[in-house]
Each structure stands twice: as structure tokens, then as C-alpha cells.
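Undergrad: here is a sequence together with a model predicted from it:
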2 protein chains.
Amino acid sequence: MNTLSYGLLSLLTRNSRTGYELTQNIQPFWQAKHSQIYPLLAQLEQKGYVEFVHVPQSDKPDKKVYSLTDNGREALQQWIAQPTDEPVVRDELALKVFCIGLVSKEQALKVLYEREEYYQKKKEKFAQTYERIKQESAKPLEELEIHDPLFGLYVLIQKATLKVDADLVWCEWMKTKLK
Amino acid sequence: MNTLSYGLLSLLTRNSRTGYELTQNIQPFWQAKHSQIYPLLAQLEQKGYVEFVHVPQSDKPDKKVYSLTDNGREALQQWIAQPTDEPVVRDELALKVFCIGLVSKEQALKVLYEREEYYQKKKEKFAQTYERIKQESAKPLEELEIHDPLFGLYVLIQKATLKVDADLVWCEWMKTKLK
DNA sequence: AACGTATATGTCAATAATGACATAACAAAG
DNA sequence: CTTTGTTATGTCATTATTGACATATACGTT
């Protein structure tokens, strides 16, 4: 079973979700399109790791709400105990920056500004998620411990925020380099 | 032409390299295996963006040393002016952390330690590359400007170091969270 | 009225990427 | 003396991922 499949199971530990929601919710951690997610959900259902109920809707299209089975939960626990794959990062910006001397400072700055805007939007999104779970949580977030259902999401937002801040620091520094 | 192909051209702006070297050198910026690189180099050669010379070796296998053509350089400049794709990150750790409450603190710490070690090794590698280009450079690195052939690599190492430091800060913080 | 966006699920062809296989010569370690 | 690692290039089957196509309803905008 591939890593994305485990990722879908992982999201389902918090609550039941539709394929549509899973596609959206997994984006911050693993970029994938719905055309990849839906077939994987069908596989997971065949394996007995998830089950779904049809939910007819009048105003919107009908949906399938997936939830994790006990077998699915066990599969997740075994997966966590396995060695973790190294992260895969593919960033076109890095490839451009390597040969950025080919263009003018003005052109280079354009590339940089575009990316800076992207990082700022990311940061904003993380801040929103942080506020959302702050409301959702009974305890203050700093007091959450590992077995709290919000713990994972909370520490992941911390990680993402630290990294995007590093990216923004780099952007600022680069702007001084490029006058 | 795909992004990796431009990445290969980008590396060749600094100096000529073999397919074997390109495979190694591109890893920090874009993870790819030699089985993907070699066919792309053949394509780039057919398009006239690179050319190669056979270099026979007695102690080691013969090699092909690729270099960038003027057409290749032009293609690169046009590519830089295009909008930059958003980075793709696929990190199994994030998926595990999301549901880390399924396992014990001890198990969670194992996962964390494994990744911390990985980040430390990364940091060490970046430090080595930094020292290497420091020696290679005529000027102090802080004084490099955009058109210096080492500029791109220098600023990329700064970026990578900032990010890996953020990752290590998160690991330390997580260790306190997991006692 | 026409258009874009959000919700919602799905298939399928094409492309990207990996893992395994193949070859070969030398060096170092056990 | 055998195994393991490094250098070096390549192919090919399989898997992962994307992009396009398909369908349907509702809502807000031009």
C-alpha cells in the first residue's frame, strides 16, 4: 500500500470525511488530485480499512462519507512503527535560483516577489487553521498532549509555520542581495 | 519540456558534468534517479540544448561530459521568465504525525529521533558545501552578487540551512512535548 | 441568459518517477 | 579470495501522479 493511502487513513482518525474533503484536507501534507484519491479510497474499502455511508443531499450532489475501521486503525499503527521515508521536495524555484545569474536583477526580483506572495498566503492559511483549532479545542493548545485528537494537527501547524517563516526570512534577505 | 530537464540545464550553467554527476548534484533541489536523468539528457541533446564529448578512462568506466549550448542557455532564460510552479512536498512524517496519538510517547519519540538524525546529517552536508564554495570563491561569499557564478548555489545553501534549522527547532520542541 | 465557482464522484490517457535488471572495472575491507 | 562500494551508462516494467473529460445541482456575478 502506498504512502498516500496511509495518509488518507491518518486523516480519518480524527473524523469521517468524504473523498472530496480528504482531497482538500491532505493538500498541506501531501499534494494529490481527486483523480488519485477516489481510486485509492475504493481500494481501501475493498481491503476493509475504511467503510462508507451514502448521504443523499438535495441542494448539493450526494456524497460518500468514509470512516476508519478497526482494521484500518491497526494498519496505521503498524505503519507508524516502520522506518519513515525521507521527504521528497521538488521546487522549481530552487532550480531557477541556481542559474539566476542568467537574468537581470529586475527579472530575478520578479521571480522572488511571486514566491514571497505565495509564502505569505501560506502563512496566513496556517494562522487561520491555528485559530480554528484554538476555538475547537477544550484546552489551551500548549497544554494538549499526544493522545488528544487535536495534538497532531497542532504540532504540524507549528512545524509548517516555523518553515514558512524561514522561507520569508530568506525572501527578505534575498531582496537586500538584489538591491 | 518538464521541470527536471530545465534543472539539468541549470546545473550545466556552472560547469560541464556527466550524467552521473548531474544525478548526484541535483538531489538537494529535486530528487530523481539516474534512470530518469539519462533519457532526459538524450532528449536535451536531440533538441540541441546540450552537447557531450566522450571521455575514455582507463581506471574507471568511460564517461560522457555534457555541456550547455547557446540554445540551451536561451531556453533557460525564457523558462525563468515563466511563472514558477508551486513547490511539491511529500513528507511521510507529516502524515504519521497527524495520527501520532495512536501510539505511545515512546514510539512517537522513536519516529522523531529518526527524523532528527536525518535533519542533522542534512545540516552537516549543507555546512560542508558552504565551506567548499567558500574555498572556491575569490570573494567572501557575503559580497557575491547575482552575476557571480557561485551566487545561486550560495543563496540556495542559505535557504536550505534556514529551513533545516527550523526543522531542528521543531524537533527540540517536540521532544519537550513528548517528555 | 451566460459564465464562473463550489460541491461531489468518477474514469482514462498521458506523463513522471521508481525499482529492478544489465554490464564492467577498480579499490578497499574482511 | 570474496564481498562490498564507487564510478559510469543504459533499458524497461511497474507504479505514481497529473490533466482532461464527464456529469449534475445551486448560487452569485456579469
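TA: The structure has been received and is ready for your questions.

Undergrad: against DNA strand C, how distant is the spatially most central residue of chain A?
TA: Residue closest to the mean C-alpha point of chain A, counted by C-alpha atoms, centre = their mean, is A:Pro28 at 2.1 Å. Distance, A:Pro28 to DNA strand C, by C-beta to the nearest atom of the strand, to the nearest Å: 16 Å. Heads up, the C-betas are built off the backbone N, CA and C, glycines and all.

Undergrad: who touches that residue in this structure?
TA: Applying C-beta atoms under 8 Å, 6 or more residues apart in numbering or on different chains to A:Pro28 gives the contacts A:Lys125, A:Leu156, A:Ala160, B:Ala94.

Undergrad: A:Leu178 versus the last one, what's the distance?
TA: Distance from B:Ala94 to A:Leu178, counting by C-beta to C-beta, to the nearest Å: 32 Å.

Undergrad: cool, the second one as well?
TA: Distance of A:Leu156 to A:Leu178, given as C-beta to C-beta: 33 Å.

Undergrad: more neighbours, those two?
TA: It is A:Leu156, of A:Leu156 and A:Leu178, that has more neighbours when counted by other C-beta atoms under 10 Å in any protein chain shown, with 22 against 19.

Undergrad: which element is the more buried one on?
TA: helix A:151-177 (DSSP states H and E).

Undergrad: work out the gap between that helix and the centre of the chain.
TA: Taking C-alpha atoms, centre = their mean, to the nearest Å, one finds helix A:151-177 lying 15 Å from the centre of the chain it belongs to.

Undergrad: rounded mean pLDDT for that helix, please.
TA: Per-region confidence: helix A:151-177 scores 98 on mean pLDDT.

Undergrad: quick one: the helices in chain A?
TA: Under the criterion DSSP state H, chain A carries helices at the ranges A:3-12, A:19-25, A:34-47, A:70-81, A:92-98, A:105-136, A:151-177.

Undergrad: a markdown table for these, including distance to DNA strand D?
TA: Converted to a markdown table, the helices of chain A look like this (distance: least, C-beta to the nearest atom of the strand, whole Å):
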| stretch | distance to DNA strand D |
| --- | --- |
| helix A:3-12 | 4 |
| helix A:19-25 | 10 |
| helix A:34-47 | 3 |
| helix A:70-81 | 13 |
| helix A:92-98 | 12 |
| helix A:105-136 | 16 |
| helix A:151-177 | 18 |
